[in-house]
Each structure stands twice: as structure tokens, then as C-alpha cells.
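Colleague: A predicted structure for the sequence below; I have some questions about it.
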Amino acid sequence: MADTMIKVFFEQFGETIDVPVSSVSTIEDVIKYVCQTSVCSMNIDYNHYYLFSKKNDDPFDNDKKLEETNILAVDDYDLRLKMKTAIREQMMIRALKIFRENQAKIEVNPQTQADDTQCENIDPNVLQKEDLADNYQKFQKKIQEIGEKITRDPVLRQKIADKFNEINIVMCGSPRVGKSTLINAICQQKLAKTHPGLHSCTNIISPFYLKGNITVGDENINYQYNFWDTPGFGSWDQAAIRTYFERIKQKPKSDILCMIYCASPGSFANLRQLEWLLEECKKQHIFCALVCTNKWSGFKEQREAVMRDFQDTLEKYHAKTREENGIIYFGNMGLCTSVNSQVIKDEETHREYEQSGINELIFGIMQSIDVKKVALWCMFAFENKPFWKSLVDIPTQLKKFWTKLF
């Protein structure tokens, strides 16, 4: 007979599960219940997991009863279920092996294996592209098969539909700094504009959106990413910024995935206004990506000035943790970087600048964002084939990605 309910966050799948317990329940009972209740229960062996509190990170002894701990005596013990390190490393090794095998297959020179005379006159680069596309399609199919396997129960399908129904990303910055171009570059799709009448909860903002669907069993689950722009942002004060977030949160399923702030070289950035924005994001636990867009459209000094302002402002909220691949990280608070969202041609020098920094930005957010939001961010960038190809090319990045997921 259950006396009370406790909440346990399942780190691997980003689920928070209510567990009915009594004083005689054991830690192992809690682990079993979470694993059996998860949407991925068919693929889970509870022996691979341990329960711990984020307050002290010490794992609980599976044989202990709850009454022997102080779990029931504390209102919010912040309980987490995590995969054991040894099991996680084994899965990472297997995943890396599979990806490397696929990569080796892509890199094979088609001329050395083309025994069929029909292939003799085909450009090797074409074959490589077809091979890459084939592997990508197999990757998509495998994800679909897994989804079908673990979601035969209509209740579970509804849980997934609820989770992925609408996802919100806040876009901030002055007009014409390349916000929509950046989003198009990340997701490799064009955004559509929502009619203002569809979002009567706000009278000054309406989102751009990106729709898609995934097939689960015999039905489609639709999802929509809303990109909330900031018209008239330059004149907003701290109260207006707070109201802006509150209006978005009034929508059903209004969890905000992240906030992306854009400024281009030479554009005016109100740093006090940016501070208000970061303060609000910190209160609401929203990850912030500060992006210098169109980095080749201005002078080097202008680009460096924007990046310096970004760093100085972020450091007021979190110490700099590291810098790699052009990304400067500030823990779970945010990051800053510079990108070129589309090809730019300098009319004076006739020099052409390729798209750059996009893959690094996607991966930077992926490994920094809260673990329960990783799947949502991955789905956002799922159609970006160049990104997933680049991830496979760099084993160290791939290892970090799998560490995040597992």
C-alpha cells in the first residue's frame, strides 16, 4: 500500500516519473518502478541503473528501505536515475564502433570495389554521396523502428505526442541581424509565418514555425517548433522582457527549449537590455546562445567587439568554463560564438565566404542544454545532414554526444 509519491528524474530519457512508495519500499523497488514505467521500458534492464540525489551525488544502496534514508523526510530530494558508468561506457564503445564502420564504408574509394562494369564511368564522388544518403536513410529507418517497438501501447504514444507537440525557441535581437537566416541554416528548412489571429494570447508577437511529423506504429505524431521573434526589441525595458516570456508561457505546452540572441558586426547592442534578458532566462532555467551572425559582413574589429561584449556579459552570470571549436562556454548558463549562416560574396574583393560555424553551434547547444531537452534539440536539427555527417567525422565530438545521451 503506497503512503506517498516521490518524483524521480530519469536522466537517460528526460522523463520525470511519479513513484508510489511506502516506508517499507526499497531503493531497488523505486528503480524497478521507474524503469517499468518509462516510455522505453521494453528496452530497459533495471540492473543497469542506480538512484542518487543531485544534492550530494552519492548513490543509494539498493537494499536499503526508504525509511532508512531521509528521502521521505525532505520535500524535494531531487532524485535521479542514472545508468551505471561501466554499462554506459560499453554502450558508447558499441555506438562509436557502429558509426566508425559506417564512416569507413563511406570513405572507401568506390573505384577499388566497383566490380560491376556499369559503375566504371560513374564519378566516385557521386557514389560517395549516394552511399552517405543511403546510410542516412538507414539511420532514420532505425530510429523509426525503435519508436515503433517501444510505443505499441496507445497510452505511451500519447505521452510522446504530448512531449513533442509544440516546442518553443525564443529569438532575440535587432531587426535585420540574420535571425531567420540562422534558423534556416540550423534546421535546413524554410520557416513559415504564423497568422497573428492564430495566437491571440499576444497582441505584439507571433511566431515563425516549422512543422513535421514522425510515424509511430500506424499513426503520425505531428510536432511544431515555434520561433518567437522580438519586434521592436530595441525599445523594450526589463518589464517588457518579463511580459514577453510570460505571454509565451501562457500558451499550452509552452516549455522554452532555448533562447538565441543575435547581433551582427557593426550593429548596436544594448548591453543593459541583454543583461535583463539573461537575468530572465536564468530565473526560468533557459539556456542562452549569443551568436554574432554574418561574421564576414563587417570588419574584424567589429566582430571582435561583439564577441567581447557577449563574453563580458555572460561572465556576470557564470564563469567561463572552456573554449573549443570557436565556441566559448559558460556552464549551463549559455555560450557565445560567431557564424556565417549563408554564402557571402564581397563585392569589392570578389572573395566568397562559405557558410561556417553552424555545425559547431548545433553541437555546442546539444552538449550544453539540459539533458531532458537534448532529444528536442536533436529533432530540430534532424534534417541537417551536413551536421550529422560532421559529427561522425569527429570521434571526440561523437563521444561527447553519446555521453550526453547516456
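Modeller: Looks like it came in fine. Numbering: from 1, shown residues only.

Colleague: Now for Y244, how many residues are close by?
Modeller: 21 (other CB atoms under 10 Å). Placement of C-beta: from N, CA and C, glycine included.

Colleague: Quick check: it vs W228, distance?
Modeller: 8 Å (CB to CB, to the nearest Å).

Colleague: again, but for I248
Modeller: I248 sits 6 Å away from W228, going by CB to CB.

Colleague: Common neighbours of these two, please.
Modeller: Contact with both I248 and W228 is made by residues 168, 170, according to CB atoms under 8 Å, 6 or more residues apart in numbering.

Colleague: what about those two, which has more around it?
Modeller: Neighbours were tallied for I248 and for W228 using other CB under 10 Å; the higher tally belongs to W228 (24 against 20).

Colleague: Can you tell me how far that one is from P207?
Modeller: W228 is 5 Å from P207, by CB to CB.

Colleague: Mutual contacts of those two, please.
Modeller: N168.

Colleague: Quickly note the distance from P20 to A375.
Modeller: 27 Å.

Colleague: make that N384, sorry
Modeller: Going from N384 to A375 by CB to CB gives 15 Å.

Colleague: Compare the two (neighbour count), which wins?
Modeller: Neighbour totals were compared for N384 and A375, and N384 leads with 18 against 14 (other CB under 10 Å).

Colleague: What sits closest to that one if chain neighbours are left out?
Modeller: Once flanking residues are discounted, N384 sits nearest to Q188: 4.5 Å by CB to CB, 6 or more residues apart in numbering.

Colleague: First-to-last residue distance for stretch 368-381?
Modeller: Terminal residues of stretch 368-381 are spaced 15 Å apart (CA to CA, to the nearest Å).

Colleague: Identify each buried residue in that stretch, please.
Modeller: 368-369, 371-374, 376-377, 379-381 (16 or more other CB atoms under 10 Å).

Colleague: List the ones among these that fall in helices.
Modeller: Using DSSP state H, the subset of the buried residues of stretch 368-381 located in helices is 368, 374, 376-377, 379-380.

Colleague: Give me the residues contacting stretch 172-192.
Modeller: So stretch 172-192 is contacted by 169, 171, 208-211, 225, 227, 229-231, 233-234, 259-264, 267-269, 277, 291, 293-294, 339, 341-342, 355, 358, 361-362, 380-381, 383-386 (CB under 8 Å, 6+ apart).

Colleague: List buried residues within these.
Modeller: Judged by 16+ other CB under 10 Å, buried ones among the contacts of stretch 172-192: 169, 171, 208-210, 225, 227, 229-230, 233, 259-264, 267, 269, 277, 291, 293-294, 339, 341-342, 358, 361-362, 380-381, 384.

Colleague: give me phi/psi at the residue nearest to N384?
Modeller: In this entry, Q188 is assigned phi and psi values of phi 60, psi 30 (degrees, to the nearest 10).

Colleague: for this structure, where's the lowest mean pLDDT among helices and strands?
Modeller: Every helix and strand of the chain was ranked by mean pLDDT, DSSP states H and E. The lowest is helix 124-150, at a mean of 46.

Colleague: what's the farthest-apart pair in the ones in helices among the buried residues of stretch 368-381?
Modeller: S368 and M379 (17.0 Å; CB to CB).

Colleague: Show me the buried ones among the contacts of stretch 172-192 that map onto strands.
Modeller: Among those, DSSP state E puts 169, 171, 208-210, 225, 227, 259-263, 291 in strands.

Colleague: From these, pick the one nearest D61.
Modeller: M259 (40.8 Å).

Colleague: That closest one - nearest residue in space that isn't next to it in sequence?
Modeller: V170 (4.3 Å).

Colleague: Kindly provide the distance from that neighbour to C187.
Modeller: Taking CB to CB, one finds V170 at 16 Å from C187.

Colleague: show me what contacts L290?
Modeller: With contacts taken as CB under 8 Å, 6+ apart, L290 has the following neighbours: 261, 263, 274, 310, 313-314, 334-337.

Colleague: what do you get for I44?
Modeller: Neighbouring residues of I44 by CB under 8 Å, 6+ apart: 35-36, 38.

Colleague: quick one: which of the residues you listed is nearest to P59?
Modeller: The closest of the contacts of I44, once distances to P59 are taken by CB to CB, is C35, at 15.6 Å.

Colleague: Wasn't the closest one part of a helix?
Modeller: Yes. According to DSSP: H, G, I helix; E, B strand; the rest coil, C35 belongs to a helix.

Colleague: okay, now the closest residue to it other than its chain neighbours: neighbour count?
Modeller: Residue nearest to C35 in three dimensions, not counting chain neighbours: Y46, with 4.1 Å by CB to CB, 6+ apart. By other CB under 10 Å, 17 other residues sit near Y46.

Colleague: Fine, thanks again, bye for now.
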